[in-house]
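Undergrad: Next come a sequence and a model predicted from it.
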Amino acid sequence: MLARHVTEETIREAARATGVRADISRVTSTSVRFRLGLDISNLYEDGTRRYQRTSSSHFQKGRKVGAVCWHGHRDFFRKLFALAPEATVLTALAFYQGGPEDFEKQFPQTDQNVGSALYPMLASEACTCFDHNYN
């Protein structure tokens, strides 16, 4: 992801507050490139990681994937735009440029099929949050 009008520290603060990790790969005078990672200390009561993405394959249901799920991204962006409403963020699926209102308007459209055509699965279903009713 590529963020502008926001500092590296604000991105890290939003990640900490959400319970994910911000992996910063590049900082320039105008932008910050980063990705979100799992925080191994952010657990549910049963010991599973919060915001744990799972496989979208029908044949490997429930297999954990080393990625933050759709809900983790949603909660991170909500916190980021609360801290820095002037921020703009370019992702693979959207360009958020109007603060919290623009984010809330666009984000539901990113809940797309991540499975196959024969066995579809929405992004919001491919995670442990789905098992814990955290939708």
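TA: Cool, the structure landed. Being a predicted model, the structure only gives us computed values, none of them experimental.
Undergrad: Which parts of the helix or strand containing residue 53 count as buried, going by neighbours?
TA: Element membership for residue 53 (DSSP states H and E) is strand 52-54. Neighbour counts over strand 52-54 (16 or more other CB atoms under 10 Å) mark 52-54 as buried. From N, CA and C alone the C-beta is placed, and that goes for glycine too.
Undergrad: After that strand, which helix or strand is next? Please name it.
TA: Counting by DSSP H and E, the next helix or strand C-terminal to strand 52-54 is strand 64-68.
Undergrad: so where's this protein uncertain?
TA: Flagging of the chain using pLDDT under 70 yields the residue ranges 130-135.
Undergrad: re the thing from before, quick check, distance from the strand holding residue 53 to the centre of its chain.
TA: In terms of CA atoms, centre = their mean, to the nearest Å, the centre of strand 52-54 is set 11 Å apart from its chain centre.
Undergrad: those strands in this structure, which residues are they?
TA: Assigned by DSSP state E, the chain shows strands spanning 2-4, 20-27, 31-38, 52-54, 64-68, 88-90, 95-96.
Undergrad: In TSV, list these along with distance to residue 127.
TA: Below are these laid out as TSV (distance: least, CB to CB, whole Å):
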stretch	distance to residue 127
strand 2-4	23
strand 20-27	12
strand 31-38	11
strand 52-54	5
strand 64-68	9
strand 88-90	21
strand 95-96	21
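Undergrad: Perfect, I'm done here.
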